[in-house]
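Participant: Sequence unavailable; structure follows:
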């Protein structure tokens, strides 16, 4: 076992990791900025270390502060959670230089899958379906325009080092290629420090399907079925569910098999997610791989009956995770709604501030992952996530009914939240029928 695990993150995911460590009897160290001194992850960790002021650049993204916190506390392992430095190969290498175990993939895997153009080449070579597009980073818009003419418009420009919708532009004709290419490059350089771009065929209104994986080393990869993350706003997921209402048992076998083969091709270790775009005709194509645990992992935990964080920790230790491929069976249905401190009526404007009253829902099949409480102040410096609300049912209909009940029970006073928005989505006929894709919220808002 690790002597002590430092969690290089904040909020609900930090608390989630602490709970997994506690069940494995591993002491924990929380780090926090001065803005997070009253967060529950600080309260429930065995130790805590302040790593700087509210700015992420001076705290959660400051490698030297995290390493110093690990050394002063005697932590011999670091769990990065998601976001911040979770997919930084440089951070992994710095940890290794200081004799600290990084709970996640190898740095070379991060580098390979973090370079979207290289990831496309690797997946194509492994037999994973990939959309037509560039094999290397493109130097200028003329190259992109020639490729677009070869594969046919519309195409999408993406940042090779990016994600989250930044450095991304859809191009529908040659006349707008130059302006879109230059805007994407400027945004990519600003967001990721690299202006490398690639182009691929753009699919109109696909579903976003992802497969939860756990690599155990020696090309041994476990898969825990798929999640449907199609309800998004500006490429940010708002509602996730498992299994997908659009995926048949036959299609599930194909998608899961492709994800596993892709992960084996890079000898993947730790928790990760292979993401795909799914057409109405059942064709699917590789989009990217997230080399970390994801926000929406609880829906998979509910239907697979597994603690992914504990399994990730055991895999990092090289110990048996207590799961074999033949034992993984999806049962029932789970849905997750991200409850954010945002005002949907004002274009989802962030609403930091004091939570005056708070009541979380309960009852059968209801789970809440959160780090907040009545009296907590949501700081303006980070994302606006208040809680992840997850419901489980014997089927999708029961999971939806329970989610509507849970949303109606939940009380958050003092800040605007996305609760009313989620209730409207769950009442929409297309959502109830499972007929949604990545354009759903655009049409819903219209």
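Facilitator: Perfect, thanks for sending it. What you are looking at is a predicted structure, and each value in this text was computed from that prediction instead of being measured.
Participant: Quick one: the helices in the stretch 1-150 of the chain, in order.
Facilitator: 11-23, 40-44, 63-73, 89-97, 107-114, 116-125, 141-151 (DSSP state H, counting those that start in this stretch).
Participant: Which one of these lies nearest to residue 347?
Facilitator: helix 11-23 (23.5 Å; CB to CB). Glycine gets a C-beta too; all of them are placed from N, C-alpha and C.
Participant: Same list (the helices of the stretch 1-150 of the chain) but as TSV, adding mean neighbour count.
Facilitator: Putting the helices of the stretch 1-150 of the chain into TSV (neighbours: other CB atoms under 10 Å) gives the following:
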stretch	mean neighbour count
helix 11-23	22
helix 40-44	19
helix 63-73	18
helix 89-97	18
helix 107-114	20
helix 116-125	20
helix 141-151	17
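Participant: so can I have JSON lines of these showing distance to residue 198 and mean pLDDT?
Facilitator: What follows is those, written out as JSON lines (distance: least, CB to CB, whole Å; pLDDT from 0 to 100):
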{"stretch": "helix 11-23", "distance to residue 198": "30", "mean pLDDT": "98"}
{"stretch": "helix 40-44", "distance to residue 198": "37", "mean pLDDT": "97"}
{"stretch": "helix 63-73", "distance to residue 198": "28", "mean pLDDT": "98"}
{"stretch": "helix 89-97", "distance to residue 198": "19", "mean pLDDT": "97"}
{"stretch": "helix 107-114", "distance to residue 198": "13", "mean pLDDT": "95"}
{"stretch": "helix 116-125", "distance to residue 198": "4", "mean pLDDT": "91"}
{"stretch": "helix 141-151", "distance to residue 198": "9", "mean pLDDT": "94"}
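Participant: quick one: secondary structure of residue 382?
Facilitator: At residue 382, secondary structure determined by DSSP: H, G, I helix; E, B strand; the rest coil is coil.
Participant: Next, the contact list for the most centrally placed residue in the chain, please.
Facilitator: Most central in the chain under CA atoms, centre = their mean is residue 294, positioned 3.4 Å from the mean C-alpha point. Going by CB atoms under 8 Å, 6 or more residues apart in numbering, residue 294 touches 82, 210, 212, 273.
Participant: is it true that it lies in a helix?
Facilitator: No: assigned with three-state DSSP, residue 294 falls outside any helix and is coil.
Participant: Same list (the helices of the stretch 1-150 of the chain) but as a markdown table, adding distance to residue 430.
Facilitator: Listed next are these as a markdown table, based on distance: least, CB to CB, whole Å:
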| stretch | distance to residue 430 |
| --- | --- |
| helix 11-23 | 29 |
| helix 40-44 | 37 |
| helix 63-73 | 44 |
| helix 89-97 | 41 |
| helix 107-114 | 33 |
| helix 116-125 | 31 |
| helix 141-151 | 30 |
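Participant: from the contacts of residue 294, which single one is nearest residue 131?
Facilitator: Once CB to CB is applied, the member of those that ends up nearest residue 131 is residue 210, at 15.9 Å.
Participant: what residues are up against residue 121?
Facilitator: residue 135.
Participant: So it versus residue 344, what's the distance?
Facilitator: 40 Å (CB to CB, to the nearest Å).
Participant: now swap in residue 206 and tell me
Facilitator: Residue 206 sits 24 Å away from residue 344, going by CB to CB.
Participant: Spell out which residues make up each domain of this protein.
Facilitator: Domain assignment for the chain, taken from automatic domain parsing, gives 5-103, 132-201, 207-445.
Participant: Quick one: closest of those domains to residue 109.
Facilitator: domain 207-445 (5.2 Å).
Participant: ok now the closest one, how far from the chain's centre?
Facilitator: 8 Å (CA atoms, centre = their mean, to the nearest Å).
Participant: In the stretch 101-250 of the chain, where is pLDDT below threshold?
Facilitator: 164 (pLDDT under 70).
Participant: all strands for it, in order.
Facilitator: 101-102, 155-159, 169-171, 197-201, 207-217, 220-233, 236-242 (DSSP state E, counting those that start in this stretch).
Participant: now do the stretch 251-400 of the chain
Facilitator: Under DSSP E, counting those that start in this stretch, the stretch 251-400 of the chain gives strands at 269-278, 284-290, 333-340, 342-343, 349-350, 353-354, 357-359, 366-370, 377-378, 385-393.
Participant: Pull the residues that contact the fifth one.
Facilitator: Counting by CB under 8 Å, 6+ apart, the neighbours of strand 349-350 from elsewhere in the structure are 340, 341, 342, 343, 380, 384.
Participant: make it 6 Å
Facilitator: Identification of contacts with strand 349-350 by CB atoms under 6 Å, 6 or more residues apart in numbering yields 342, 343, 384.
Participant: What of the last one?
Facilitator: The set of residues external to strand 385-393 that reach it, using CB under 6 Å, 6+ apart, is 298, 302, 332-341, 365-370, 372, 399, 402-403, 406.
Participant: List the pairing partners of it within its sheet, with orientation.
Facilitator: When pairing is defined by DSSP bridges, strand 385-393 lines up against strand 333-340 (antiparallel), strand 366-370 (antiparallel).
Participant: among these, which is the most enclosed?
Facilitator: Neighbour counts (mean count of other CB atoms under 10 Å) averaged over each of those peak at strand 333-340, with a mean of 25.
Participant: got the angle for that one vs strand 220-233?
Facilitator: Computed by axes from the mean of the first three to the mean of the last three CA atoms, to 10 degrees, the angle separating strand 333-340 from strand 220-233 equals 50 degrees.
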